[in-house]
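One predicted model, sequence on top.
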Amino acid sequence: MSRRFYINSNGRLRRKENTLYFETEQNGEIVKKALPINDIDVIYVFGELDINTKALNYLSGYDIPIHFYNYYGFYSGSFLPRKKNVSGSLLVEQVRHYIDNKKRQYLAVSFVEGAAYHILRNLRKQNINSEDFEEIEKDLFPKIFETRNTEELMALEGNIRERYYQLFNKIINNEDFFMEKREKRPPDNPINALISFGNSIMYNTVLTEIYRTQLDPTISYLHTPQEKRFSLSLDLAEIFKPFIIDPLIFSLINNRQITIKDFDKDLNYAYLNENGRKKFLKAYEERLSKTIKHRKLKRKVSYRQLIRLECYKLIKHLISDEDYKPFKAWW
């Protein structure tokens with residue numbers, strides 16, 4: 001299976017004949033590293049990168065997206081090659097399911113249901129006292145299915161996550177890490193920085209998987225489609241953030257794999273430094289590569305493949321082949 005490549009250093013990506021090189025300066029000398037074009041699924045760029053159209057055209061020929069992040073590790077944008085796997089009829093169905101309020105609400109509820117399920121799963125697996133999340137489980141979760149529109153649903157989802165984040169300090173067993181509340185813009189402490197960075201990486205992982213299918217990433221159901229964002233990625237990422245990102249954060253902090261030295265602060269910003277990013281991305285790769293025996297397919301699939309399968313399930317729903325049910329980890 002093709003791999004994801006992460007570029008953390010400043011340098012240049014260039015093509016020479018039929019080889020793609022990443023060039024960086026070390027001790028006053030240019031060091032070149034050949035990248036195996038046939039083995040690349042996607043490239044993530046965290047350093048300052050020079051790239052020309054020759055290299056972009058080469059990457060486009062192999063359907064390789066590039067996701068760019070700024071100095072603080074926040075997502076800046078993506079280069080997506082011309083989409084070859086397209087379907088006009090599926091696009092029509094995507095739009096139809098957005099325009100029809102009942103159909104849209106069904107999918108939006110499903111995404112929040114999947115997210116809330118994994119939130120509760122995390123709390124149970126972390127041995128949190130059931131009384132501490134009784135409000136989420138017995139009050140807020142059932143109300144998901146009573147909402148009448150996406151505005152109500154988004155507000156309820158926000159309440160669930162607020163209660164969930166309030167329990168992070170009971171899960172995290174490291175005196176150097178403490179979170180008063182969830183802050184996104186900007187993240188003001190290391191835990192918030194990890195959540196923001198991890199969610200951003202997950203968003204683009206989902207975007208890459210959507211790109212490999214016939215789905216249009218700009219037409220969404222829980223999040224309102226807007227200019228300048230791939231909102232379907234936000235929808236599907238809701239399910240996988242608490243399933244993949246949050247347990248990864250708990251593990252990295254509690255096992256002291258990431259320490260307070262892996263963060264920098266700039267005014268009111270807290271963000272992972274280069275060393276911290278490398279630690280997180282290494283652990284993230286290991287988590288995506290983890291496999292389980294799929295109950296329906298009767299074979300092993302990786303966590304990354306679960307995301308692609310979720311896209312296919314959504315396609316089946318849109319073409320009236322099989323009702324969509326959100327992924328729920330069963331182990």
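Yes, it's here.

Count residues in the vicinity of residue 300, would you?
A count of nearby residues for residue 300, using other Cβ atoms under 10 Å, gives 10. Yep, even glycine has a C-beta here, placed from its N, CA and C like the rest.

you'd agree it is up against residue 290?
No. Residue 300 lies out of contact with residue 290 (Cβ atoms under 8 Å); the separation is 10.1 Å.

Mind checking what helix or strand follows the helix or strand residue 98 falls within in sequence?
Counting by DSSP states H and E, the element that carries residue 98 is helix 88-99. Past helix 88-99, further along toward the C-terminus, the next helix or strand under DSSP H and E is helix 101-125.

chain center to that following helix: distance?
Taking the mean of its C-alpha atoms, helix 101-125 sits 16 Å from the chain's own mean (Cα atoms, centre = their mean, to the nearest Å).

what angle separates it from helix 88-99?
80 degrees (axes from the mean of the first three to the mean of the last three Cα atoms, to 10 degrees).

just for this protein, where's the confidence low?
Filtered on pLDDT under 70, the chain yields the residue ranges 1, 227.

can you list the domain ranges for it.
Structurally, the chain divides into domains by automatic domain parsing as follows: 3-64, 88-318.

Now distance to residue 77 too, for these, in CSV please.
As requested, the domains of the chain are arranged in CSV below (distance: least, Cβ to Cβ, whole Å):
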stretch, distance to residue 77
domain 3-64, 10
domain 88-318, 9
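
What is the helix holding residue 98 packed up against?
In this structure, helix 88-99 makes packing contacts with helix 101-125, helix 303-318, judged by 3 or more Cβ pairs under 8 Å, 6 or more residues apart in numbering; DSSP states H and E.

could you dump the last one to PDB, C-alpha only?
Read that as helix 303-318. Output of helix 303-318 as PDB, limited to C-alpha atoms (Å, rounded to 0.1, in the frame of the first residue of the first chain):
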ATOM      1  CA  TYR A 303      -7.700   2.000  10.300                       C
ATOM      2  CA  ARG A 304      -6.900   4.000   7.200                       C
ATOM      3  CA  GLN A 305      -8.900   1.600   5.100                       C
ATOM      4  CA  LEU A 306     -11.800   2.000   7.500                       C
ATOM      5  CA  ILE A 307     -12.000   5.600   6.300                       C
ATOM      6  CA  ARG A 308     -12.100   4.600   2.600                       C
ATOM      7  CA  LEU A 309     -14.800   2.100   3.400                       C
ATOM      8  CA  GLU A 310     -16.900   4.800   5.100                       C
ATOM      9  CA  CYS A 311     -16.700   6.700   1.800                       C
ATOM     10  CA  TYR A 312     -18.000   3.700  -0.100                       C
ATOM     11  CA  LYS A 313     -20.800   3.200   2.500                       C
ATOM     12  CA  LEU A 314     -21.900   6.800   1.900                       C
ATOM     13  CA  ILE A 315     -21.900   6.200  -1.900                       C
ATOM     14  CA  LYS A 316     -24.100   3.200  -1.500                       C
ATOM     15  CA  HIS A 317     -26.500   5.200   0.500                       C
ATOM     16  CA  LEU A 318     -26.600   8.100  -2.000                       C
END
